[in-house]
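Asks: structure here, sequence nowhere to be found:
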C-alpha cells in the first residue's frame, strides 16, 4: 500500500476514534453529577433497588471510562506506528477486525486466548 493510502486510512481511523471519543466525553459531561454521586460513599440507607441502580450506573460509568482509555491507547498506537499490530504475537490485526473494533490491540486468535484466560465475565465482542 502506498504512503498516500496509508495516510488516508490513518486519518479515517483517527476521525472515527475522535468522533467516538467526543460522544463518550459528552455523555460523561452530561452525567457528571450522577457519576460524582457514584464516586461518593455508598449510602447505607439505600434500598436494595437503589443499590441495584447504583451498581448499574457504576458499571455504565466504568465502561465509558474504559472505552475512553482504549480510544486514547489506539490514538497513541496510530501516532507511534504500532496501530494494527497485535500486542501479543506482533502479527497484523485483520482489517475487518479493525474496521469493526478500531480500538482492537490483539488479533482475533490472541484476543480469544486472552478472554479464555480472563474468564467468561470479561469477554468482549470479537470479530
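Replies: Structure received. What you see is a predicted model, and the numbers here were worked out from it, not measured in a lab. Numbers count the residues shown, from 1 in each chain.
Asks: buried residues of stretch 98-114, list them for me.
Replies: Within stretch 98-114, the residues that qualify as buried are 98, 101-108, 110-111, 114, counting by 16 or more other CB atoms under 10 Å. Using the backbone N, CA and C atoms, a C-beta is placed for each residue, glycine as well.
Asks: of all those residues, which two lie farthest apart?
Replies: The most widely separated members of the buried residues of stretch 98-114, counting by CB to CB, are 102 and 114 (18.1 Å).
Asks: where along the protein do the helices fall?
Replies: Using DSSP state H, the helices found in the chain span residues 3-30, 32-39, 48-80, 95-100, 108-118.
Asks: among these, which is nearest residue 86?
Replies: helix 108-118 (5.3 Å).
Asks: chain center to that closest one: distance?
Replies: 16 Å (CA atoms, centre = their mean, to the nearest Å).
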